[in-house]
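S.K.: no sequence on hand, only this structure:
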Ligand SMILES: Nc1ncnc2c1ncn2[C@@H]1O[C@H](COP(=O)(O)OP(=O)(O)OP(=O)(O)O)[C@@H](O)[C@H]1O
């Protein structure tokens, strides 16, 4: 429960428990000097009030004080290391485990999540937890334990005064518990408002070119400003709610001291305790809640961190796609067997059945939005089918571990993803243990060398965030080089040559011809001319198979394919000049 609440790793949980116990020990150790002072004061007063006035030797007190100083220093050092160092370690471990988990999450998870939301969990939420673990959690629970130990000890000394002191602690903690319930919704609202700002700023920056040229640019800025103001508003409400409750809880705690004075005075007047005993109790009582009162004022932060913990937990608990990693595939026909799929509730693929055979090129064509890319993503288990089966080598891909399955695929998508790294490393992603020679050969086959050698450091040139220093065609060629390097038995090409100029397109198509020899190839291309020679063409419309056949058969059947082909033929004759002529 505790581990879950703070979203701790196994190691972090053990460290936090140690941190709590050490903090309690530290709190108790700092009580010892108070006791020592009280003993000295008691000695002196008794000596002063006694018949024989003998001066007391301070030597033993100095000795004990020195020992206590060493003890406190040692306990503090130990506590500091356990709480702070363990908190930093825990946040590093949490980030690593989250990143690993995010890597294994199905794409369906990202459909409902914004990138800035995930970044915020990885960076902000883990930092919040780090801060709370280092300061709040150990201090709060350590403070409760040390206060309980001292209260218990005081009970043996005088149960009546202890009771008056103790009675306020549970009330005060109850007020804090209520404050948690009451502030919870404003806490979440505040967090959503902050996320809204990150999203708006990210969108603003990503689309800065469009924003600058748009007549609406001031309205974009106003939207960001509005969201920032919302954060201010929700933060103030949250702080206000917490401020009211925390000050009530704090004052209730302090009422305990007043009750001790009243009870003590009563007991003295009825000669049930002596004055020195009373003063001694009062000194200890005044210090007993010190560790707790510091934490009380951090309660807002503490509750805020619970939201972070629950956001971290949401990712950690999200189910990942499972499957057997020991399954091996020996042949690579892909069979789509009555496949259905919906992204959310809208079905985008309905009852699709066909076979993409090994050694053949199967093309998926159809109007925009008909589900071509979705089919290729289903084949590689980026998403799981809602109904039906996809089989490779007769095995249902849902039974195969996604990473193992992807090992059999080379994929070139329309939207290329590149890392802010060298060209060399960006190509190497295709094959972890590739040799330099293999990388250079793959780059050459994908026609990358034409531009690589023009770059200042050729293969060692760093290409910026998502390859922003390269053109669309150059980026595409790097992703094709990756596919060459991987040389997997199944190849998915989703508009792989879409951003290439005609000269490069022809050259790369030749190279792709070599790449796909004797493999299972699923190709998506809008330009129907480029798939005329495919072994099988599957024509989709609104997520359903309309026609299947070779180019010539489909043209002769005079159906959707024929219609699309004719449309493209007409549009290829179209040019800006033709508008003028109309
Ligand atoms: N991540 C997603 N979440 C929700 N709906 C999606 C998602 N991706 C695609 N869709 C919807 O699914 C349908 C099929 O999309 P898909 O990208 O497969 O079509 P496509 O035929 O490849 O289109 P295009 O030729 O324009 O690339 C479309 O209606 C699209 O709006």
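M.R.: Great, that's in hand. Given the structure is predicted, the values throughout are model-derived calculations rather than measurements.

S.K.: tell me which helix or strand in the chain has the weakest average pLDDT.
M.R.: helix 576-581 (a mean of 46; mean pLDDT, DSSP states H and E).

S.K.: how far does the helix or strand containing residue 508 sit from its chain's centre?
M.R.: Taking DSSP states H and E as the definition, residue 508 sits inside helix 502-515. Helix 502-515 has its C-alpha centroid displaced from the chain centroid by 40 Å (C-alpha atoms, centre = their mean, to the nearest Å).

S.K.: please apply the same query to stretch 129-144.
M.R.: For stretch 129-144, the distance to the chain centre is 22 Å (C-alpha atoms, centre = their mean).

S.K.: about what we covered before: tell me the angle of the helix or strand just after the helix holding residue 508 relative to helix 502-515?
M.R.: Per DSSP H and E, the first helix or strand lying C-terminal to helix 502-515 is strand 520-524. Strand 520-524 and helix 502-515 are oriented at 160 degrees to each other (axes from the mean of the first three to the mean of the last three C-alpha atoms, to 10 degrees).

S.K.: what average pLDDT does strand 520-524 get?
M.R.: If you average the pLDDT over strand 520-524, you get 90.

S.K.: tilt between whatever helix or strand comes next after that strand and strand 520-524?
M.R.: Counting by DSSP H and E, the next helix or strand C-terminal to strand 520-524 is strand 536-541. Calculated by the same axes, to 10 degrees, strand 536-541 forms an angle of 40 degrees with strand 520-524.

S.K.: where does pLDDT dip in the stretch 201-350 of the chain?
M.R.: 214-218 (pLDDT under 70).

S.K.: can you list the residues of it near the ligand?
M.R.: 343, 348 (C-beta under 6 Å from any ligand atom). From N, CA and C alone the C-beta is placed, and that goes for glycine too.

S.K.: again, only this time at 8 Å
M.R.: 343-344, 346, 348-349 (C-beta under 8 Å from any ligand atom).

S.K.: among the residues you listed, which ones are buried?
M.R.: 348-349 (16 or more other C-beta atoms under 10 Å).

S.K.: from residue 561, how far off is the closest residue in space to residue 525 that isn't next to it in sequence?
M.R.: Excluding its sequence neighbours, the residue lying closest to residue 525 (C-beta to C-beta, 6 or more residues apart in numbering) is residue 531, at 5.1 Å. To residue 561, residue 531 is 10 Å away according to C-beta to C-beta, to the nearest Å.

S.K.: residue 37: how many residues sit nearby?
M.R.: Residue 37 is flanked by 14 other residues according to other C-beta atoms under 10 Å.

S.K.: now the one 10 residues further on
M.R.: If you count neighbours by other C-beta under 10 Å, residue 47 ends up with 13.

S.K.: which SSE is residue 18 in?
M.R.: helix 10-29.

S.K.: list the buried residues in that helix.
M.R.: Counting neighbours by 16+ other C-beta under 10 Å, helix 10-29 gives 12-13, 15-29 as buried.

S.K.: do the same with stretch 97-106
M.R.: 98, 101-102, 105-106.

S.K.: which of those sit farthest apart?
M.R.: 98 and 106 (15.8 Å; C-beta to C-beta).

S.K.: contacting residues for the residue nearest to residue 525?
M.R.: Residues near residue 531 by C-beta atoms under 8 Å, 6 or more residues apart in numbering: 361, 363, 365, 523, 525, 537, 551.

S.K.: re earlier: report all helices and strands that the helix holding residue 508 contacts.
M.R.: Judged by 3 or more C-beta pairs under 8 Å, 6 or more residues apart in numbering; DSSP states H and E, the packing partners of helix 502-515 are helix 436-445, helix 472-486.

S.K.: how many residues are close by residue 164?
M.R.: Residue 164, neighbours per other C-beta under 10 Å, totals 22.

S.K.: endpoints of stretch 458-471, how far apart?
M.R.: Stretch 458-471 stretches 15 Å from its first residue to its last (C-alpha to C-alpha, to the nearest Å).

S.K.: how about it: buried residues?
M.R.: Neighbour counts over stretch 458-471 (16+ other C-beta under 10 Å) mark 459, 461-463, 467, 470 as buried.

S.K.: which of those residues come close to the ligand?
M.R.: Near the ligand, by the rule C-beta under 8 Å from any ligand atom, you find none of these.

S.K.: looking at those, which one is closest to the ligand?
M.R.: residue 467 (21.0 Å; C-beta to the nearest ligand atom).

S.K.: the closest one contacts residue 418, correct?
M.R.: Yes: between residue 467 and residue 418 a contact is recorded at 3.4 Å, counting by C-beta atoms under 8 Å.

S.K.: which neighbours do residue 531 and residue 561 have in common?
M.R.: 365, 537.

S.K.: and residue 275, its phi and psi?
M.R.: Reported as degrees, to the nearest 10, the phi and psi values for residue 275 are phi -60, psi -40.

S.K.: gap between it and the ligand?
M.R.: 77 Å (C-beta to the nearest ligand atom, to the nearest Å).

S.K.: identify the residue nearest that residue in space, chain neighbours excluded?
M.R.: Counting by C-beta to C-beta, 6+ apart, the residue nearest residue 275 is residue 268, at 6.2 Å.

S.K.: you'd agree residue 157 is up against residue 281?
M.R.: Yes: Residue 157 is within contact range of residue 281, at 6.8 Å (criterion: C-beta under 8 Å).

S.K.: buried set for stretch 362-372?
M.R.: Buried-residue list, stretch 362-372, by 16+ other C-beta under 10 Å: 362-367, 370-372.

S.K.: near the ligand too, which of these?
M.R.: Okay, of those touching the ligand (C-beta under 8 Å from any ligand atom), that's 364, 366-367, 370-372.

S.K.: among those residues, which are in helices?
M.R.: residue 372 (DSSP state H).

S.K.: quick check: the farthest pair among the ones next to the ligand among the buried residues of stretch 362-372?
M.R.: Pairwise over these, using C-beta to C-beta, the maximum falls at 364 and 367, 11.8 Å.

S.K.: before we move on, the earlier item: from the ligand, how far out is the residue nearest to residue 525?
M.R.: Residue 531 sits 13 Å away from the ligand, taking C-beta to the nearest ligand atom as the criterion.

S.K.: what do you get for residue 407?
M.R.: 24 Å.

S.K.: same check, this time on residue 558
M.R.: Taking C-beta to the nearest ligand atom, one finds residue 558 at 22 Å from the ligand.

S.K.: what count of nearby residues applies to that residue?
M.R.: Neighbours around residue 558, by other C-beta under 10 Å: 10.

S.K.: for residue 408, same thing?
M.R.: Other residues close to residue 408 by other C-beta under 10 Å number 19.

S.K.: surely it and residue 488 touch.
M.R.: Yes: the criterion here is C-beta under 8 Å, and residue 408 meets it with residue 488 at 5.6 Å.

S.K.: quick one, helices of the stretch 151-300 of the chain?
M.R.: Listed in chain order, the helices of the stretch 151-300 of the chain (DSSP state H, counting those that start in this stretch) span 159-166, 168-206, 208-213, 217-269, 275-288, 290-296, 299-317.
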